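# Here's my sequence, what's the structure:
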Amino acid sequence: MLDGLQFGGKRNYGYGTTMLKDTQVVDLESLDYSRLEDGEAFILEVVTPFVLRSEYPKANNVTVPWWWSGDDEAQLRHRLEKVIEGGDVYELETVDHGVVGGYDGDRPVETATSGLTRVGNHSKSGFGELRVKPVTPDETNLKERIENQKSEQ
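From the prediction side, this is the model:
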């Protein structure tokens, strides 16, 4: 499926060719979620861009989920992505990968499981992977981490 596909700059010149080396199936039910079950506070990290708006046919535009705490969606680092299918180009507005925010939900294990399998529009194409992490007492203040991230933008 991935053999021979080319990604990135200069792909028309032979660069970025992929080859599938190995795959692994993971049973999500068998993973150890004890760190999340025992946690009291959590952060949410965007691993792959989360699609908010898409020009792709029949894609639903969404807002940032309610359980993703933050002062304002406008404070999140956004990025425009493009999906090319045949000769058609579709723009996507995403929350950029690497964004860290608070988690206000009450089901961190379920959110973590969904985040591994990706959520939202274009999840089958690799968008929308999230991580839920417990905030441990030895970590720096969450608000401070979020503010530092905002100042980097």
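# Dihedrals phi and psi, the residue nearest to Phe127 when sequence neighbours are not counted?
The shortest distance from Phe127 to any residue other than its chain neighbours is 5.0 Å, reached at Val51 (C-beta to C-beta, 6 or more residues apart in numbering). Placement of C-beta: from N, CA and C, glycine included. The phi/psi pair for Val51 (degrees, to the nearest 10) reads phi -80, psi 120.
# What separation do you get for Val51 and Pro134?
26 Å (C-beta to C-beta, to the nearest Å).
# the more surrounded of the two?
Neighbours were counted for Val51 and for Pro134 using other C-beta atoms under 10 Å; Val51 has more, 25 against 17.
# so that one makes contact with Val119?
No: with contact defined as C-beta atoms under 8 Å, Val51 does not reach Val119; the gap is 9.6 Å.
# who touches both of the two?
Common neighbours of Val51 and Val119 are listed as Gly128 (criterion: C-beta atoms under 8 Å, 6 or more residues apart in numbering).
# Which residue ranges of this structure form helices?
With helices called from DSSP state H, the chain shows them at 34-37, 108-117, 142-152.
# list the buried ones in stretch 36-53?
Judged by neighbour count (16 or more other C-beta atoms under 10 Å), stretch 36-53 contains these buried residues: 36, 39, 42-53.
# Glu40 versus the closest residue to Asp38 other than its chain neighbours, what's the distance?
Leaving out its chain neighbours, the residue that sits closest to Asp38 by C-beta to C-beta, 6+ apart is Pro134, at 7.4 Å. Remark: distance between Pro134 and Glu40 (C-beta to C-beta) = 8 Å.
# Tell me where this protein has strands.
Under the criterion DSSP state E, the chain contains strands at 42-46, 50-54, 68-69, 78-85, 88-95, 100-103, 130-134.
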